[in-house]
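[1] Need the 3D shape of this:
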Amino acid sequence: MHVGYKRMEMNSLVFAFNILATVVWCAPPRCEPGDEILGRCKGGALEQPECAEIELSYCDDMPYEKTTFPNTLEHRSRQEVEMGPEYLLLSVIHSLLKGECSPDIRMLGCSVLVPRCDTGAVVKPCRSTCEAVRKSCAHAFEGIDMAWPYFLDCDRFFVSDQEGCYDPLVMLRASQETALARMSPEEPSTIIQFTYQSNAQMINVLKKTASKCSDVARTYSIGRSVEGKDLLVIEFSDNPGQHDLLEPEVKLIANMHGNEVLGRQLLIYLTQYLCSEYLLGNHRIQTLINNTRIHIFPSMNPDGYDLAAAEVEDNSDPEHQEGHVYNGWTSGRANAQNIDLNRNFPDLTSIAYSRRRNKRYRTDHIPIPDSYWFGKVAPETYAVMKWIRSIPFVQSASLHGGELVVSYPYDFSKHPLEEKMFSPTPDEQAFKQLARTYADAHTTMADNDTDRCGASFGRKGGIINGALWYSFAGGMSDFNYLHTNCFEITVELGCDKFPAEEELYTEWKRNKEALLSFMESVHRGIKGIVKDEHGNGIKGASISIRGIRHDIRTAEDGDYWRLVNSGVHILTASAPGYTKVMKKVFLPAQMQKAGRVDFVLKKAVLEPDQVDFPAMDTYDRFDPYNQFERYSLSELGENGEDRQEKPWWWGYFTQFGESTPTWLLRSY
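    Coordinates of the predicted model:
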């Protein structure tokens, strides 16, 4: 009897153990911390969905009234949704994105947090809607350095039309179409808000513009400022991101001095104008973009801009009518290291002057002396130098403020003791024509009766040789000319460095045609390709013009552009290891585009180098001690991990402690 009882007890334990093992085996896997919120596992057994009223204030305008709990993210109640970082993000998204993509993003998120419920079953939102919103709004998140929210993953939380989805934005689209139908029909036009933009807003506008015109535009960064701000460029081309054979490259730069802000705003407006007009079918703009690679760099000194903008006040005192007031004339001019960026480039002009008596010496592609790198080089300067060495720019304009005139190289006087001495380059005539292109197209710059800021440039047609105006060394325009193929002018846009906001539209009207004409003027002079006998382009071949001691060099595939005025010219193409070829060219004054002159060079035995001036550093040697590469690398923490400062919006979410949404950090 006792043995039978023991056997019975043992069988009961085995049976109980088997039941427990079955329960444990069939239970869902245990979630690791953070896995459940990322949708990698289920927090518990699935509950039978039940339809309930939507009671979330930020989701009360959805095109349905019933939802279900648990929802798609396994929130089991309205209170759990309201306490989650996802709902907090939707509640502040309008402010974070400055009204962009609102309410699209909010309603898309609500379709996941409070999914549609029909007769006890969940109906998921359409993947096509999610993909359309992401395509048009991803730039807004990038603009504030925020990752695309995980719960808006179009592949994980949305389904296709074939699976019976619904469009959560259907009512929103209908109301927008009704509002548009009520508007009086007008000719399509570009709409620009003529206001100032912060650095974050500027980046947002550039990325939004590139997204809107993704077929012909893209943004890219050339580096970071001292305080870590992106030095962002937007490019327009029919083939963004690539140099096309015989397509000239032009660049526009502004805000080199942080307190000279009009040029920055004009370039922001220009990017919006080019994109919008291209889409509207403007033939002039389409021709320009389809035949030119345009690089627009609105802010070279974003740190200085922040300092200058902090000194701007709007005086609302009724007894004083000043309105917008800028309190400083020089605050923000320099970068965060107190370096004037337009004095920080290598002084190659002095080298050109010292060697000009040598008949074989030419003022082009002068290498950067090693001694330059022992000085204080700003990261912004370094970034621009790497940029202009990597792209075969033909011409450029740097927009400044403080006067109303266009100046051109040289900016450094040929006599060091003379501060106002006419100091022309070998391409004086080409530079004068380039400067006149902008000044003549400006509504007032070339007029004799235009009010100036103290100087009388009207008699000169609104243009002047830089050194004749005032001399300085280390300027960006001289460096462009002496180190690369690029011809750069400096455009002084007016006396007021930080004009009132209500003046921005007027300034845009004054400068719009000048900016367009300047970009179009790159299609003049001579262009062509230098090839070998097998039809291969020769990189780095020199194009010389008799009487002009300044050569330009061919790009990667052997193509070149040479800005030169009309007339008869003797061109010579040469390259190491090849024979020289000479051609006589006549450029009529009425030519509206560059003349085509190609060269075919034959292999030859090189003659000994007969140049008798002292050897210098080679042109290809850049940053020889690699001491400035750190500006392009992320700072590392104690354990080697990336250590990056949290973005400004992170404070919105810190109240969640362990549940802070690290999925919103782009670098996490």
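[2] Could you count how many residues lie near the residue nearest to residue 536 when sequence neighbours are not counted?
    Nearest residue to residue 536 in three dimensions, chain neighbours excluded: residue 558, at 7.4 Å (CB to CB, 6 or more residues apart in numbering). For every residue, glycine as well, the C-beta is placed using N, CA and C. Neighbourhood size, residue 558 [other CB atoms under 10 Å]: 24.
[3] next one: residue 536
    10.
[4] Please list all residues in contact with residue 582.
    By CB atoms under 8 Å, 6 or more residues apart in numbering, residue 582 lies in contact with 570-572.
[5] typo on my end, it should be residue 253
    297, 300, 384, 396-399, 476.
[6] do you know how far residue 140 is from residue 207?
    According to CB to CB, to the nearest Å, residue 140 stands 8 Å off from residue 207.
[7] pLDDT averaged over the helix or strand where residue 251 lies - what is it?
    Assessed by DSSP states H and E, residue 251 sits inside strand 249-254. Mean pLDDT, computed over strand 249-254, is 98.
[8] pull the CA atoms of it into PDB?
    The C-alpha atoms that make up strand 249-254 are tabulated as PDB, following Å, rounded to 0.1, in the frame of the first residue of the first chain:
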ATOM      1  CA  GLU A 249      30.600  74.000 -62.800                       C
ATOM      2  CA  VAL A 250      29.700  77.200 -61.000                       C
ATOM      3  CA  LYS A 251      29.500  78.000 -57.300                       C
ATOM      4  CA  LEU A 252      27.800  80.700 -55.200                       C
ATOM      5  CA  ILE A 253      29.000  81.200 -51.600                       C
ATOM      6  CA  ALA A 254      27.600  83.600 -48.900                       C
END
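[9] Direction included, what does that strand pair against?
    Here strand 249-254 is paired, per DSSP bridges, with strand 293-297 (parallel), strand 393-400 (parallel).
[10] Quick check: which helices or strands does the helix or strand that the shortest one is followed by pack against?
    From strand 293-297 onward toward the C-terminus, using DSSP H and E, the following helix or strand is helix 302-309. Helix 302-309 makes packing contacts with helix 199-212 when contacts are defined by 3 or more CB pairs under 8 Å, 6 or more residues apart in numbering; DSSP states H and E.
[11] low-confidence ranges in this structure?
    Counting by pLDDT under 70, the chain contains low-confidence residues at 1-49, 176-189, 313-329, 449-452, 454-456, 458, 606-617, 625-645, 655-659, 668.
[12] what about stretch 526-536, start to end distance?
    20 Å (CA to CA, to the nearest Å).
[13] typo on my end, stretch 63-73
    Terminal residues of stretch 63-73 are spaced 20 Å apart (CA to CA).
[14] Would you mark the buried spots in that stretch?
    64, 66-73 (16 or more other CB atoms under 10 Å).
[15] Strands - which of the residues you listed land there?
    The strands, defined by DSSP state E, take in 66-69 from the buried residues of stretch 63-73.
[16] one step back: make CSV from the contacts of residue 253 and add distance to residue 511 to it.
    Below are the contacts of residue 253 laid out as CSV (distance: CB to CB, whole Å):
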residue, distance to residue 511
297, 16
300, 18
384, 22
396, 16
397, 11
398, 14
399, 9
476, 20
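[17] From those residues, pick the one nearest residue 419.
    The closest of the contacts of residue 253 to residue 419 turns out to be residue 476 (CB to CB; 19.3 Å).
[18] And the closest one, how far from residue 66?
    Using CB to CB, residue 476 is found at 63 Å from residue 66.
[19] ditto for residue 567
    On the measure of CB to CB, residue 567 and residue 66 end up 80 Å apart.
[20] now residue 114
    According to CB to CB, residue 114 stands 9 Å off from residue 66.
[21] Please identify the deepest-packed of the strands paired with strand 249-254.
    strand 393-400 (a mean of 25; mean count of other CB atoms under 10 Å).
[22] who touches that one?
    By CB under 8 Å, 6+ apart, strand 393-400 touches 248-257, 260, 262-264, 266-267, 295, 434, 438, 476-477, 480, 484-493, 518, 521-522, 561, 563.
[23] returning to what we had before: any chance of the buried residues of stretch 63-73 in a markdown table, with distance to residue 415 too?
    Putting the buried residues of stretch 63-73 into a markdown table (distance: CB to CB, whole Å) gives the following:
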| residue | distance to residue 415 |
| --- | --- |
| 64 | 80 |
| 66 | 84 |
| 67 | 80 |
| 68 | 83 |
| 69 | 83 |
| 70 | 82 |
| 71 | 78 |
| 72 | 76 |
| 73 | 74 |
